[in-house]
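**Q** fold the following.
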Amino acid sequence: METNISLRPTLRQQILAFQRLEITEHHIYQRLAQINRSPENRSVLERIAQDELRHYHDWKKYTGQEVKPDRFAIWKYTLISRVLGFTFGVKLMERGEAKAQQNYGELRSEIPEIDAWIQDENVHEQALIGMLDEEMLQYAGSIVLGLSDALVELTGALAGLTLALQNTQLIALSGLITGIAAAMSMAASEYLSTRSEKTAKHPARAAVYTGIAYILTVTFLILPYLLFKNFYLDLGLALSTAVLIIAAFNYYISIAQDESFRARFLEMAGLSLGVAGISFIIGYLIRIFLGIEV
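**A** Presented below is the predicted three-dimensional model:
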């Protein structure tokens with residue numbers, strides 16, 4: 001049933017924007033439910049989709065107007081969820097809705113139900129989102145282990161090798177051997193550690209996540225040495241790549257697990273670059289004092 005009130009043009013446009021946001025998210029949650037293989041996650045996503053549709057009709061009572069969803073947003077968040085996981089996609093989208101809710105306050109005098117709607121958005125839907133269960137996030141600790149260990153060890157090794165060897169092919173070869181051996185060692189250690197802890201995580205899967213994270217990090221860090229002949233440029237690119245990997249991963253975790261981006265990023269970046277700086281000095285000193293020329 002529509003509410004017969006006269007809306008100011010600016011207020012009407014604002015409500016229509018909220019209305020479009022709700023119907024867009026309704027379609028996104030429906031899409032995610034359709035492509036999700038877990039019956040439990042599918043049920044949660046369908047319940048949230050129905051909540052969004054109900055909110056859309058709540059707004060429609062004041063405008064009396066149908067609004068089409070944002071097709072680009074539906075495509076974008078569906079793609080993000082397919083590539084980076086539905087939990088990340090959902091929470092990224094909900095952050096955008098939280099920003100929109102900051103404008104709800106000015107509507108209180110004309111829409112008395114607004115506080116109840118905000119409560120529904122903040123409590124009910126967040127509780128449902130908290131019920132979502134995704135394998136990648138279950139093994140986030142294993143991925144962090146592989147990433148952080150590879151970043152700290154290999155940035156340090158590459159910095160030391162760059163000064164000691166000063167030959168891009170030898171540095172790449174030494175880095176690859178070191179990285180692959182360390183990846184297998186770290187995966188084996190994670191397997192044994194997870195099995196001894198007797199958690200819900202599968203030891204073999206934890207080992208695979210750790211190993212893959214380590215190998216991918218090694219590949220990205222070594223790549224500059226295979227492409228460019230200037231070893232100082234390669235070291236700079238490797239360190240820059242390390243910082244980008246740290247930033248990208250910590251942004252993902254900050255969204256998916258509601259953790260602080262700044263604290264985690266500064267800690268990981270500080271460790272990686274600090275070890276690289278110390279190793280750079282050690283490589284220089286070894287080359288000078290041993291008098292070895294390659």
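**Q** now do residue 193: how many residues are near it, please.
**A** A count of neighbours around residue 193, defined by other Cβ atoms under 10 Å, yields 16. No exception for glycine: its C-beta is placed from N, CA and C like everyone else's.
**Q** I'd like the next helix or strand past the helix or strand hosting it.
**A** Element membership of residue 193 [criterion: DSSP states H and E] is helix 168-197. Sequence order places helix 203-227 as the next helix or strand after helix 168-197, per DSSP H and E.
**Q** I'd like the mean pLDDT over that following helix, please.
**A** Averaging pLDDT along helix 203-227 gives 88.
**Q** so how far is the next helix or strand after that helix off the chain centroid?
**A** Using DSSP H and E, the next helix or strand after helix 203-227 towards the C-terminus is helix 231-256. Mean-position distance between helix 231-256 and its chain equals 13 Å (Cα atoms, centre = their mean, to the nearest Å).
**Q** got the domain ranges for this structure?
**A** 9-133, 136-290 (automatic domain parsing).
**Q** just how off-centre is the last one within its chain?
**A** The chain centroid and the centroid of domain 136-290 are separated by 18 Å, computed with Cα atoms, centre = their mean.
**Q** residues of the helix holding residue 193 that come out buried?
**A** For helix 168-197, burial by neighbour count (16 or more other Cβ atoms under 10 Å) applies to 168, 171-176, 178-179, 182-183, 186-187, 190-191, 193-194.
**Q** pLDDT-wise, which helix or strand of the protein ranks last?
**A** helix 126-130 (a mean of 64; mean pLDDT, DSSP states H and E).
**Q** other SSEs contacting whatever helix or strand residue 83 lives in?
**A** In this structure, residue 83 sits in helix 71-84 according to DSSP H and E. Using 3 or more Cβ pairs under 8 Å, 6 or more residues apart in numbering; DSSP states H and E, the elements in contact with helix 71-84 are helix 9-35, helix 86-101.
**Q** look up how far residue 235 lies from the nearest residue to residue 225 once chain neighbours are set aside.
**A** In this structure, residue 225 finds its nearest non-sequential neighbour in residue 172, 4.0 Å apart by Cβ to Cβ, 6 or more residues apart in numbering. Between residue 172 and residue 235 the computed distance is 12 Å (Cβ to Cβ, to the nearest Å).
**Q** ok, residue 47 next?
**A** 51 Å.
**Q** residues near residue 13, how many?
**A** Going by other Cβ under 10 Å, the residues that sit close to residue 13 add up to 11.
**Q** for the one 5 residues further on, same thing?
**A** Using other Cβ under 10 Å, residue 18 has 22 neighbouring residues.
**Q** same check on residue 222?
**A** Neighbours around residue 222, by other Cβ under 10 Å: 23.
**Q** how much space between it and residue 288?
**A** Counting by Cβ to Cβ - residue 222 and residue 288 are separated by 26 Å.
**Q** next one: residue 255
**A** Applying Cβ to Cβ to residue 255 and residue 288 gives a distance of 46 Å.
**Q** got it, and residue 12?
**A** 75 Å.
**Q** more neighbours: which of the two?
**A** Comparing residue 12 with residue 288 by other Cβ under 10 Å, the one with more neighbours is residue 12, at 14 against 10.
**Q** what's near enough to touch the closest residue to the more buried one other than its chain neighbours?
**A** Nearest residue to residue 12, sequence neighbours excluded (Cβ to Cβ, 6+ apart): residue 63, at 6.4 Å. Neighbour list for residue 63: 7, 12, 15-16, 19 [criterion: Cβ atoms under 8 Å, 6 or more residues apart in numbering].
**Q** where does pLDDT dip in the chain?
**A** 1-7, 96-110, 112-113, 115, 117-137, 198-200, 283-284, 286-287, 290-294 (pLDDT under 70).
**Q** can you tell me which residue sits nearest the middle of it?
**A** residue 252 (1.3 Å; Cα atoms, centre = their mean).
**Q** doesn't residue 84 make contact with it?
**A** Yes: under the criterion of Cβ atoms under 8 Å, residue 252 makes contact with residue 84 at 6.7 Å.
**Q** what about residue 172, distance to residue 288?
**A** 23 Å.
**Q** meant to ask about residue 51, not that
**A** Residue 51 is 67 Å from residue 288, by Cβ to Cβ.
**Q** ok, residue 205 next?
**A** 47 Å.
**Q** what helix or strand is residue 147 on?
**A** Assigned by DSSP H and E, residue 147 falls in helix 140-165.
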